[in-house]
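In: got a predicted model here, sequence first, then my questions.
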Amino acid sequence: MSWKVGAACALAVLVFGLADPFAKVSAPANAVSAAPPRAVWRAGFAKPAAIPFPEDNPYTPQKAELGRRLFFDPILSGDGSRACVSCHLPDRGWSDGRPRARSRQDSDLDLHTPTVLNLAWQEGRLGWDGKFRDLESVAFMPITAPGNMNLPVPEALRRIGADASYVQAFGRAFEDGTVTQGRVEAALATFQRLIVSGPSPFDRWIAGDEAAIPEPAKRGFDLFNGRANCAACHGGWSFSDGSFHDIGTGRDEDVGRGRFVPNSTALRYAFKTPGLRDVARRAPFMHDGSLASLEAVVDLYDRGGIARPSRSRDIRPLGLTAAERADLVAFLGTLTSDEPGGTALAEFGPAPPKP
Ligand code: HEC
Ligand code: HEC
């Protein structure tokens, strides 16, 4: 159902001629562009009725509960010092507040920790550069990476299999208590699909409460969908198209998705579009953590980032006024949910105590 709304909105965008929104700036005479179709835009951000789960890994409460336990359990790191939650912290929008993730040796890993909010709606590849096929396939990368959790697969399975309460939990979640890599992946992914951002002032506004967000934020919403063109990539309920773009960020040595598709100009320096829900909780921003604040992010888009052949055609200098930049930041702030963490924690309670 949500997809129909999304499709209707995409259609509306085409009908309203926003496919090249910059054209509107130079041709404002068009009758349709006189008033922003705010109502149409609003409809495109309504919350879907249900969390989608893949057919080959359907939701069960037993699998989700097992996945929750694994996500919080340092049993999955070689020296027992870290768990998934060490970097994906619920009250930091499931990121970690650092420019780049902390390695086991206390130095910086190559990339900033992305949020794991709302990944159930992510249909394409995961990771900043798309190195992961799907949510299931992510887990053993951090678990086995020597600079991260540093635990080889056989040792991980042996350890969990030696814990009687885990064997029971696997028995409840699957046909029997055998611990396999695929089952660990399935359980972790099921839990993570429940990590959904909770209601925010923006949602109340979408639902019709005009007083839920202030006027500057409403103007920011119009800019986001109109002249500033943000919704070209940050569209839909989770504010991500799940695709890869060069927006003009980054260091020369990291070509993002271009590493896997070396012959594509467009994918050089292309990174995955992050969702924007709870974005104000998880500074700093971008794949390299290079931007410290939302103001800095909006300034980058206003300048148009680094102009180079790979830069997306949806990115160009915007020429926003200081007031317009502030409106955009005010709008982004309305996406902060009332409770940090989202629905997964509410459903399953606090983390189990550390062993
Ligand atoms: C040292 C901090 C750290 C730990 C511990 C960690 N992650 Fe991550 N996580 C990251 C970083 C950095 C990335 C980005 C990796 C990339 O793009 O290549 C990431 C990416 C992800 C993604 C992809 C998100 C997206 O939007 O594409 C998922 C899912 C994820 N991690 C889940 C987990 C799970 C499950 C665990 C535990 C088994 C875990 N992480 C442990 C830092 C961490
Ligand atoms: C061409 C597609 C595209 C457009 C247009 C676009 N973005 Fe982005 N956005 C991205 C991508 C891709 C990233 C990640 C880039 C990176 O990591 O280097 C990103 C990152 C962000 C982030 C950081 C999120 C995080 O978790 O680190 C924010 C905030 C953001 N964009 C807001 C905006 C706003 C506001 C606009 C309009 C002024 C906009 N975006 C326009 C694709 C786009």
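Out: All right, it came through fine. Ligands and ions are numbered 1, 2, ... in the order given.

In: so what's L276 up against?
Out: By CB atoms under 8 Å, 6 or more residues apart in numbering, L276 lies in contact with H234, F239, S240, L332, L335. All C-beta spots, glycine's among them, are computed from the backbone N, C-alpha and C.

In: switch to 7 Å and redo it
Out: Counting by CB atoms under 7 Å, 6 or more residues apart in numbering, L276 touches H234, F239, L332, L335.

In: also within reach of ligand 2: list those from the residues you listed.
Out: Applying CB under 6 Å from any ligand atom to these, one finds that H234 fall near ligand 2.

In: quick one: the helices in this protein?
Out: 2-15, 21-26, 38-43, 61-72, 140-144, 153-161, 164-173, 181-193, 201-206, 215-225, 294-303, 322-333, 343-348 (DSSP state H).

In: and the contacts of the fifth one?
Out: Helix 140-144 is contacted from outside by L76, N148, M149, L151, P152, V153, A156, Q181, E185, using CB under 7 Å, 6+ apart.

In: spell out which residues of the protein are next to ligand 2.
Out: 228-230, 232-234, 245, 247, 249-250, 271, 273-274, 276, 279, 282, 285-287, 294, 297-298, 301, 312, 314-315, 328.

In: any weak-confidence spans in the stretch 251-355 of the chain?
Out: 346-355 (pLDDT under 70).

In: what does it have sitting close to ligand 1?
Out: K272.

In: residue in the stretch 251-355 of the chain nearest to ligand 1?
Out: K272 (5.8 Å; CB to the nearest ligand atom).

In: surely that residue and F244 touch.
Out: Yes - in this structure K272 lies within contact range of F244 using CB atoms under 7 Å: 5.6 Å.

In: now do the shared contacts for those two.
Out: G130.

In: I'd like to know which helix or strand in this structure has the lowest mean pLDDT.
Out: helix 2-15 (a mean of 35; mean pLDDT, DSSP states H and E).

In: residues near the closest residue to G242 other than its chain neighbours, how many?
Out: Here the nearest residue to G242 in space, its sequence neighbours aside, is G124; by CB to CB, 6 or more residues apart in numbering that works out to 4.3 Å. Applying other CB atoms under 10 Å, we find 14 residues neighbouring G124.

In: how close does G124 sit to S243?
Out: Distance, G124 to S243, by CB to CB, to the nearest Å: 7 Å.

In: quick one: the residue nearest to M149 when sequence neighbours are not counted and ligand 2, what's the gap?
Out: Sequence neighbours aside, S77 is the residue nearest to M149 in space, at 3.9 Å (criterion: CB to CB, 6+ apart). Distance, S77 to ligand 2, using CB to the nearest ligand atom, to the nearest Å: 25 Å.

In: tell me who's in contact with S77.
Out: A83, M149, N150, L151.

In: now tabulate the helices of the chain in a markdown table and tack on mean neighbour count and distance to G258.
Out: Listed next are the helices of the chain as a markdown table, based on neighbours: other CB atoms under 10 Å; distance: least, CB to CB, whole Å:
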| stretch | mean neighbour count | distance to G258 |
| --- | --- | --- |
| helix 2-15 | 14 | 27 |
| helix 21-26 | 14 | 25 |
| helix 38-43 | 15 | 32 |
| helix 61-72 | 21 | 31 |
| helix 140-144 | 19 | 20 |
| helix 153-161 | 15 | 29 |
| helix 164-173 | 16 | 39 |
| helix 181-193 | 22 | 27 |
| helix 201-206 | 20 | 34 |
| helix 215-225 | 21 | 28 |
| helix 294-303 | 18 | 20 |
| helix 322-333 | 19 | 28 |
| helix 343-348 | 17 | 33 |
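
In: and these as a markdown table, adding distance to P99?
Out: Shown next, in a markdown table, are those (distance: least, CB to CB, whole Å):
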| stretch | distance to P99 |
| --- | --- |
| helix 2-15 | 33 |
| helix 21-26 | 31 |
| helix 38-43 | 33 |
| helix 61-72 | 23 |
| helix 140-144 | 18 |
| helix 153-161 | 29 |
| helix 164-173 | 35 |
| helix 181-193 | 23 |
| helix 201-206 | 27 |
| helix 215-225 | 25 |
| helix 294-303 | 12 |
| helix 322-333 | 19 |
| helix 343-348 | 26 |
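
In: which one, of these, ends up nearest to N263?
Out: helix 140-144 (25.3 Å; CB to CB).

In: how about the closest one and ligand 1, any contact?
Out: Yes - judged by CB under 6 Å from any ligand atom, helix 140-144 and ligand 1 are in contact via P142, I143.

In: among the contacts of S77, which are in strands?
Out: Using DSSP state E, no member of these falls within strands.
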